[in-house]
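In: My questions concern the predicted model and sequence given below.
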Amino acid sequence: MSSSEIFTVFRKELIETVRDWRTLCVGILIPLILYPFGLIVASKIMVARRTKNDTTVTKVLITGPGSAWFRDDFSKNPLVTLVDDDGTNPIEALKRGKVDVVVTVPQDVSGPYVPSSATPEINVRVDEIKDSNGAYLRVSKMLMDSRLRLSEKRITAYGIESPWLRTLHFTATNVDNAARRSGAWLSLTLPITLVLLLLTGTLFPAIDLITGERERGTLPVLLVSGVKRESIVYGKLLVVFSIGLLTVVLLLSSLILMLSTSLSKVEDGSGAFVLSLSPANIFLTIPLTFPLILLFGSIAVWLSSYSRNFQQGQGYSVPYLMIAMFLSGVSLFPVKHLPAAIYVVPISNICVCMTEILRGELNWAAVLTTFISSAFYGIYVTRIAIDLLSKEEILFKIQVSPNRRKDFDRIVAVLYACTFIAMFYIGQIAQLLDKVYGMIATQLMVILLPSFAVIAWLRLSFKEVFSFKRPPWAAMIGAPLMAPGSVLLTGLLVELQGRVLPMSETLEKSMTEMMTPKDQPMWMILFAMAVMPGICEELLFRGTIFGLLRRKFTSVNCCILVGVLFGAFHLSGYRLLPTTVLGIILTFMVYRIGSIFPSMLFHASHNALAIIVTSIPPAKWQTPECITGAIVSALIGGYLVFKPTKMGNQPSKEPDQPSERTMPKT
């Protein structure tokens, strides 16, 4: 791979991409024109709305025996119009829009004294859906002022001087400035707009570079030009990343230019609402977008590599765009109400950090965590995209049967999606009807049956895919010995995760009750919650999924991928980290030993011990002796399981492919 070759491919692809009018519109014209124009229009609408709220007259209906004094008091406010009570149902009047607020005063309060036991409770009714002008807040403030005037009237009636009622004034001072106000306003729109422009700015060039060139028939010419395949791949990726970076720079530059002109001044009734923001805060967000450009560009290339034409590429991008926009919408929530784990969630973490920077609330620890985690996601997905583009069947969309190409990732994706959906709906309903028997039925029908059905449909060897091989006795002995340590480890991970994503006491109690139903004997609970998952879930994840994916991915990537799928399958964000780690250990166990039986035994032992521990008070087992024993047992078991053996741990040869010795001579 040569840098000069990469630059040559980059220059050639960039010139062809810039010639495409769709790339120019999405990557240049929209950032330069649409976003600043939209921001100005939105600012004008916001100011006009605020002015309207301040000047709109509120229609108030005051009813009840004590309404006379309040009607007289409210009539002095020019922004309130009193509606006469004509006997119409107040609720109907609110729904029809005849009145904005209905105030009911049950008794007369204008007298000099009202016993405390008979203090009236004024009822204020409002239709919140139609209360767009803040009528309820205005009336509530007026009632508070009326209460103060009523108190002064009663005290004065008894001849008591009350100078504090007349001299005590309240003054509210806003300590923010124009930059903070503008930052708060921009933080509602800029992160989501940036994500949307990056999505479209990288997607269309990627589709044109991969799918478009395939349709134009120019890809074979590029491949036979003498340039190495790696240089072509890196050159195309570099074009996508460059266009994404150009989109970001143009967007932020146009924003700064707009803020430095008179267009940022929006006139209202009290003066000018000025959009003002430090350019340093805006450009500080650029480094955060680098991992996002890597991530979006690589995903765009990945989607384009599977698309036959431009229309199909656009169809594939719809779910991708929806998920990305959903994750970016987190920036609309108050940051202080979000868990600390948000800084490791892709896309969401960058949007939240951008929101904090624009508002002048810079948190360097959060920024560093966001950048490192996002860079990891971007580099990992980029590596996958490079591997995809290095295959000729992907570049030329050659139809190859799964058995021949040894590539079952699409089948695994469909199997996992169908099983996940069935687990979410059928499994949840079955376990609501009966926890124990519902769990058994779910394991057999939702998890085990599809696992065998897929392998039978592919006509693969059950023994090879499921790793049905005789394991060493040391591994069978060591697997259950690892269970105490794994339970201790998952408990520690749950506690660590709880610090950033705390679990409510109600949810924790319900999960404990789900694991230990009181209406069933313990042996039945252990069979349903430990033995059945240990067999069925292992056959799905360490059997079908791992057996099909290991033909394509490396051992490390495959173990991590299967572990993540295993963690997400349990439908609980609070158990995602411990179940993912457990899934990685189980997958590595099958890879290392070459047999699925030790992982079944380890999985069942782990679940059984976790159930037993849950039913015991923590004070009885959270002792130094028990913890030390669990660690020693795990070390001994880990040595017996993972020590070097004569068992082959490499992916077995596909039974459908004949070996070299049985190939017919030509």
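Out: Sure thing, it's come through. Residues are numbered from 1 along each chain as shown.

In: Distance of the residue most central in space within the chain relative to Phe296?
Out: In the chain, the C-alpha closest to the average C-alpha coordinate belongs to Leu327, at a distance of 4.7 Å (C-alpha atoms, centre = their mean). Distance, Leu327 to Phe296, using C-beta to C-beta, to the nearest Å: 12 Å. In this view, the C-beta of every residue, glycine as well, is placed from N, C-alpha and C.

In: likewise Leu198?
Out: 5 Å.

In: Now the common contact residues for those two.
Out: Common neighbours of Leu198 and Phe296 (criterion: C-beta atoms under 8 Å, 6 or more residues apart in numbering): Gly244.

In: Setting aside sequence neighbours, what's the nearest residue to Leu196?
Out: Distance criterion C-beta to C-beta, 6 or more residues apart in numbering; nearest residue to Leu196, sequence neighbours excluded, is Met325 at 6.8 Å.

In: need the contact list for the one you found.
Out: With contact set as C-beta under 8 Å, 6+ apart, Met325 has these partners: 192, 195-196, 199.

In: ok, residues contacting the longest strand along the chain?
Out: Longest strand of the chain, by residue count under DSSP state E: strand 58-63. Residues outside strand 58-63 that contact it (C-beta under 8 Å, 6+ apart) are 70-71, 74, 79-83, 85, 90, 93, 98-105, 133, 135, 138-139.

In: Could you do stretch 548-565 as well?
Out: So stretch 548-565 is in contact with 406-409, 411-412, 416, 465, 541-542, 545-546, 580-588, 591, 651, 654, going by C-beta under 8 Å, 6+ apart.

In: which among those end up buried?
Out: Among the contacts of stretch 548-565, the ones that count as buried by 16 or more other C-beta atoms under 10 Å are 407-408, 411-412, 416, 465, 541-542, 545-546, 580-588, 591, 651.

In: Mind checking what secondary structure Met325 has?
Out: Put simply, Met325 is helix when judged by DSSP: H, G, I helix; E, B strand; the rest coil.

In: let's number from 31 now, not from 1
Out: Will do, 31 is the new start, and the previous item becomes Met355.

In: Give me the pLDDT for it.
Out: On pLDDT, Met355 comes in at 86.

In: ok, now Asp161?
Out: Taking Asp161 on its own, its pLDDT is 63.

In: for Phe599, same thing?
Out: At Phe599, pLDDT is 88.

In: Please compute how far stretch 503-523 lies from its chain's middle.
Out: Relative to its chain's centre, stretch 503-523 lies at 32 Å (C-alpha atoms, centre = their mean, to the nearest Å).

In: Now the terminal residues of stretch 455-472, how far apart.
Out: For stretch 455-472, the separation between the terminal residues is 11 Å (C-alpha to C-alpha, to the nearest Å).

In: what does stretch 446-458 give?
Out: 17 Å.

In: Could I get the buried residue list for that stretch?
Out: Buried, per 16+ other C-beta under 10 Å, within stretch 446-458: 446, 449-450, 452-453, 457.

In: Equivalent analysis for stretch 457-466, please.
Out: Of all the residues in stretch 457-466, those buried under the rule 16+ other C-beta under 10 Å are 457, 460-461, 465-466.

In: Could you point out the longest helix of this protein?
Out: For the chain, the longest helix by residue count, based on DSSP state H, is helix 259-289.

In: Which parts of this structure are strands?
Out: With DSSP E as the criterion, the chain has strands spanning 88-93, 110-112, 131-134, 153-156, 295-298, 301-304.

In: still on that earlier bit, so what does the longest helix of the chain touch, helix or strand wise?
Out: helix 33-48, helix 65-85, helix 220-237, helix 249-253, helix 309-313, helix 316-335, helix 394-419 (3 or more C-beta pairs under 8 Å, 6 or more residues apart in numbering; DSSP states H and E).

In: Next, format those helices as a markdown table and append mean neighbour count, distance to Trp553 and mean pLDDT.
Out: Shown next, in a markdown table, are the helices and strands packed on helix 259-289 (neighbours: other C-beta atoms under 10 Å; distance: least, C-beta to C-beta, whole Å; pLDDT from 0 to 100):
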| stretch | mean neighbour count | distance to Trp553 | mean pLDDT |
| --- | --- | --- | --- |
| helix 33-48 | 16 | 64 | 77 |
| helix 65-85 | 15 | 64 | 68 |
| helix 220-237 | 25 | 52 | 82 |
| helix 249-253 | 14 | 63 | 68 |
| helix 309-313 | 15 | 63 | 71 |
| helix 316-335 | 23 | 48 | 85 |
| helix 394-419 | 17 | 44 | 85 |
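
In: roughly how far apart are Trp487 and Ile575?
Out: Taking C-beta to C-beta, one finds Trp487 at 15 Å from Ile575.

In: Hmm, I typed the wrong one, I wanted Ser378.
Out: 27 Å.

In: what does Leu173 give?
Out: 63 Å.

In: what residue ranges in the stretch 131-280 of the chain are flagged as low confidence?
Out: 140-149, 160-163, 187-213, 249-255 (pLDDT under 70).

In: ok, back up a step: quick check: helices, which of the buried residues of stretch 457-466 are part of them?
Out: Per DSSP H, the subset of these in helices is 460-461, 465-466.
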